[in-house]
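Colleague: Fold the following for me, if possible:
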Amino acid sequence: MIVVGGGIAGASLAGSLGPDLRVLLLEGEDFPGYHTTGRSAAFYSETYGGPRVQPLTTASLPFFLDAPEAFGAPLVKAPRGALYVGRAEQRGAVEAMHALYPGLGLAIVGPEDIAARAPALRPEWRAAAVWEPGVRDIQTSALHEGFLRQLRRNGGTVLTGRRVTALAREGGLWRVHCGAEVHAAPTVVNAAGAWADEVARLAGVAPVGLTPMRRTMVVLRVPPGEFCSEMPLVLDVDGSFYFKPDAGTYWLSPHDETPTVPCDAQPEELDVAVALDRLEKATTLTIGRPERVWAGLRTFAPDRVPVYGFEPDVPGFFWCAGQGGFGMQTAPAAGALCASLLKGEPVPEALRAAGVDPAAYSPARFRR
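Modeller: The predicted structure is shown next:
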């Protein structure tokens with residue numbers, strides 16, 4: 001089996017296949033995870049991504065809490081929680097979000113609770129909030145590297161600097177060209193992230209309509225008296241910003257989603273300025289020059305739900321794409337789901353119990 005793409009999508013799938021299959025992972029860059037995966041500020045939140053993504057996130061938590069030996073380190077930190085905050089006119093949005101997830105232990109909290117948890121917020125941003133207690137920071141590099149390590153322990157191979165230039169199916173095998181180099185296998189997995197539609201076109205498969213979107217991150221250092229390491233993740237309930245403490249700094253995003261082409265995304269000065277302006281208006285923090293800025297791509301299918309499964313009527317072509325900004329938090333369940341589909345095995349009961357329905361993610365939904 002050939003997996004195209006070594007980000008968290010391809011790595012989690014390949015690392016979940018077990019030792020019974022010969023697996024070759026091809027990564028176009030010099031090291032896996034260069035683009036979206038390597039630029040992730042990921043956190044684990046069962047509400048992030050919406051109700052159709054939530055079952056994958058919920059089903060991933062046992063793995064995060066008790067990862068296999070290959071991962072070598074805790075994959076999540078202790079819960080920090082999250083506040084989805086709103087001004088007075090956003091009370092309806094707060095209540096709607098709370099109602100959307102009745103079984104996750106969320107609570108609506110008021111000004112006193114908000115001020116106690118996030119004292120830097122200005123009074124107008126303390127009208128109401130949804131409190132999600134189980135939100136945790138993910139050790140993203142440990143997660144990604146652990147799946148690659150697991151793949152190698154299972155006998156798989158990772159080749160970097162192998163950008164796919166052509167694909168063709170001949171005699172029951174996919175022949176995957178990386179320039180003059182050719183690899184063959186009966187099944188090819190399209191886990192190419194922002195380039196997944198391009199890989200499909202190379203294979204003669206219709207694209208599913210994936211859109212890469214640029215996301216900006218800003219790292220700020222504030223005066224020591226203003227830094228609060230215990231503060232939860234704070235997000236505007238309407239999605240105009242989020243920020244969280246990390247190693248003596250605040251990580252901030254304007255939650256931008258700017259459609260773009262597959263590329264090595266770079267931050268735009270305007271997006272950085274917007275992020276700083278929104279933080280200044282929402283908090284009393286002293287905001288100086290950013291310590292660091294970067295951008296990454298989040299790739300969405302038209303319905304903003306991941307695409308996992310075999311392409312109908314195209315033998316041996318499997319999609320693992322469109323993970324948006326929630327690829328890290330869903331990686332354990334997504335990898336297990338895709339592995340079971342690829343091997344023709346029943347979906348693991350733990351995933352079924354969490355509400356994971358393979359049909360919800362199948363590429364067949366775009367072919368009707």
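Colleague: Buried residues in the helix ranked longest in the chain, which are they?
Modeller: With DSSP state H applied, the helix covering the greatest number of residues in the chain is identified as helix 327-343. Within helix 327-343, the residues that qualify as buried by neighbour count (16 or more other C-beta atoms under 10 Å) are 327-342. For the C-beta atoms, the positions are set from N, CA and C on the backbone; glycine is no exception.
Colleague: Please apply the same query to stretch 344-361.
Modeller: Here stretch 344-361 shows 348, 351, 354, 356, 360-361 as buried, counting by 16+ other C-beta under 10 Å.
Colleague: Put the alpha carbons of it into CSV.
Modeller: Extracted C-alpha coordinates of stretch 344-361, given in CSV (Å, rounded to 0.1, in the frame of the first residue of the first chain):
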residue,chain,number,x,y,z
GLY,A,344,-12.1,-4.5,5.1
GLU,A,345,-12.6,-5.0,8.8
PRO,A,346,-15.5,-3.8,11.0
VAL,A,347,-15.1,-0.4,12.4
PRO,A,348,-13.8,-0.7,16.0
GLU,A,349,-16.6,-0.9,18.6
ALA,A,350,-15.1,2.0,20.6
LEU,A,351,-15.5,4.3,17.6
ARG,A,352,-19.1,3.1,17.0
ALA,A,353,-19.9,3.7,20.6
ALA,A,354,-18.7,7.3,20.3
GLY,A,355,-21.0,7.8,17.3
VAL,A,356,-18.6,7.5,14.5
ASP,A,357,-20.5,6.6,11.3
PRO,A,358,-18.2,5.8,8.3
ALA,A,359,-20.9,6.9,5.9
ALA,A,360,-20.7,10.4,7.2
TYR,A,361,-17.2,10.8,5.9
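Colleague: what about it, distance to the chain center?
Modeller: Distance of stretch 344-361 from the chain centroid (C-alpha atoms, centre = their mean, to the nearest Å) equals 19 Å.
Colleague: go on, stretch 162-173?
Modeller: Taking C-alpha atoms, centre = their mean, one finds the center of stretch 162-173 at 28 Å from the center of the full chain.
Colleague: who's in contact with it?
Modeller: Contact partners of stretch 162-173, identified using C-beta atoms under 8 Å, 6 or more residues apart in numbering, comprise 4, 26-28, 174-179, 181, 184-186, 188, 192, 199, 202-204, 315-316.
Colleague: before we move on, what SS does Ala196 have?
Modeller: helix (DSSP: H, G, I helix; E, B strand; the rest coil).
Colleague: Skipping adjacent residues, who's closest to it in space?
Modeller: Excluding the flanking residues, the one nearest Ala196 by C-beta to C-beta, 6 or more residues apart in numbering is Ala321, at 3.8 Å.
Colleague: Hmm, that neighbour is touching Thr299, no?
Modeller: Yes: in this structure, Ala321 sits in contact with Thr299. The criterion is C-beta atoms under 8 Å, and the distance is 6.9 Å.
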